[in-house]
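A.B. asks: Give me coordinates for this.
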Amino acid sequence: MIGSVRLELHLPGCRSLKDKRGILRRFLEGTRRTYGVAIAEVDAQDEWQRAVVEAAAVANERAHLHSVLTHVVNDADRGGEIILTHCDMSV
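C.D. replies: Sure, this is the predicted structure:
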């Protein structure tokens, strides 16, 4: 089974694309390392305070996929530098 989640993020503290890249790099690498998902920015690359990220995972049980992707969503929704504005999960 394959599951994915699309996250629309607001990065209120970014004043440049360099700021955005730094924040996103930490989030993407940490999420990849912690949960073993494939994750990348897929849209809004030229907008300073907005990012669209998609993560995908593979597992043999739907419950495990849902759990992993829910953790990814929760990490994005922790506040601070990144604010989750919309989430669309497909498991």
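A.B. asks: Residues in a beta bridge with the residue positioned nearest the centre of the chain, which ones?
C.D. replies: The C-alpha lying nearest the average C-alpha coordinate of the chain belongs to V53 (Cα atoms, centre = their mean; 4.8 Å). On the basis of DSSP bridges, V53 is bridged to L7, E41.
A.B. asks: Give me the spatial nearest neighbour of G36, chain neighbours excluded.
C.D. replies: Nearest residue to G36 in three dimensions, chain neighbours excluded: A57, at 7.2 Å (Cβ to Cβ, 6 or more residues apart in numbering). C-beta here means a position set from N, CA and C on the backbone, and glycine is covered the same way.
A.B. asks: Then that neighbour would be within a helix, right?
C.D. replies: No. Assessed with DSSP: H, G, I helix; E, B strand; the rest coil, A57 is strand; it does not lie in a helix.
A.B. asks: Give me the neighbour count for it.
C.D. replies: The tally of other residues near A57 (other Cβ atoms under 10 Å) stands at 22.
A.B. asks: how near is C14 to L24?
C.D. replies: 9 Å (Cβ to Cβ, to the nearest Å).
A.B. asks: make that A56, sorry
C.D. replies: A56 sits 17 Å away from L24, going by Cβ to Cβ.
A.B. asks: The two: which is more packed in?
C.D. replies: A count of neighbours by other Cβ under 10 Å puts L24 above the other of A56 and L24, at 21 against 17.
A.B. asks: is it fair to say that one lies in a strand?
C.D. replies: No. Using three-state DSSP, the assignment for L24 is helix, not a strand.
A.B. asks: ok, now how distant is it from H66?
C.D. replies: Counting by Cβ to Cβ, the gap from L24 to H66 is 24 Å.
A.B. asks: same deal with A55?
C.D. replies: For A55, the distance to H66 - Cβ to Cβ - is 13 Å.
A.B. asks: same deal with A40?
C.D. replies: Where H66 is concerned, A40 sits at a distance of 21 Å (Cβ to Cβ).
A.B. asks: how about the strands of the protein, start to end?
C.D. replies: 2-10, 38-43, 50-58, 83-90 (DSSP state E).
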